[in-house]
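Chemist: Quick one, what's the 3D model for this:
(2 chains)
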Amino acid sequence: KQEVTQIPAALSVPEGENLVLNCSFTDSAIYNLQWFRQDPGKGLTSLLLIQSSQREQTSGRLNASLDKSSGRSTLYIAASQPGDSATYLCAVRGMDSNYQLIWGAGTKLIIKP
Amino acid sequence: ETGVTQSPTHLIKTRGQQVTLRCSSQSGHNTVSWYQQALGQGPQFIFQYYREEENGRGNFPPRFSGLQFPNYSSELNVNALELDDSALYLCASSPGPQGEGYGYTFGSGTRLTVV
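Modeler: This is a model prediction of the structure:
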């Protein structure tokens, strides 16, 4: 059974710092992994989608990597800003997961001005 | 190109009542999934529809049911509401079903409170 873990559960850093959020999964048989952002009480905004054949994806200040063999993905945020404050969730689309995304519980990120 | 829209945004119901939540998928998307997200947790998969047929279901009881229409919009129906059904309900659409490597686009959700 696929399990997804995100560490840390919460992170607070000063504005301007570069930071890394971690996501690990137990079953490497995945189609893709997706990183999302969620603001309090709101829906999910897709940030980056990495297919199983890819190693990384970049969008602006965000870079996501995928190491399928070790069951790990990282989301790198460069030059953090207060507007980056949100909860970041990763989700994997497994090959035997009944069409569902399997989610981590998220990392709550606070960027201090 | 419009995104995924959900209605209503907030809803308060009494235990035992029934509720219908609605979702319009993103243009060009034929697959819709529904998720339940309790406070402080990751979303939990309820079910998925592909071209009007349910093609995947999570660990939710039968009182959670759904429909997908020819225009690929969708409904989530919950009967006999329980207090634990209070959550954010998220709808997501995709250009294709499992196995095609597509990502999902999510709506803003419906916040359901059962009292």
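Chemist: residues contacting the closest residue in space to B:C91 that isn't next to it in sequence?
Modeler: Computed as CB to CB, 6 or more residues apart in numbering or on different chains, the closest residue to B:C91 that is not its neighbour in sequence is B:C23, at 3.4 Å. (C-beta placed from N, C-alpha, C; glycine too.) By CB atoms under 8 Å, 6 or more residues apart in numbering or on different chains, the contact list for B:C23 reads B:V4, B:T5, B:Q6, B:V32, B:W34, B:S73, B:S74, B:E75, B:L76, B:C91, B:S93, B:G107.
Chemist: Show me where chain B dips below the pLDDT cut-off.
Modeler: Scanning chain B for pLDDT under 70 picks out the ranges B:1-2, B:98-101.
Chemist: Write out the residues of it neighbouring chain A.
Modeler: Contact residues (CB under 8 Å from any CB of the partner chain) of chain B with chain A: B:6, B:33, B:35, B:40-45, B:48, B:55-58, B:88, B:90, B:92, B:97-99, B:101, B:103-109, B:111.
Chemist: Mind giving me the ChimeraX select for these, buried ones only?
Modeler: Applied in ChimeraX, the following selects the buried portion of the residues of chain B next to chain A according to 16 or more other CB atoms under 10 Å in any protein chain shown:
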select /B:6,33,35,42,43,44,45,48,56,57,58,88,90,92,97,98,103,104,105,106,107,108,109,111
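Chemist: Among the residues of chain B next to chain A, which are located in strands?
Modeler: B:6, B:33, B:35, B:44-45, B:48, B:55-57, B:88, B:90, B:92, B:105-106, B:111 (DSSP state E).
Chemist: Within range of chain B, give me the residues from chain A.
Modeler: Going by CB under 8 Å from any CB, the residues of chain A near chain B are A:4, A:31-32, A:34, A:36, A:41-46, A:49, A:51-52, A:89, A:91, A:93, A:95, A:97-101, A:103-106.
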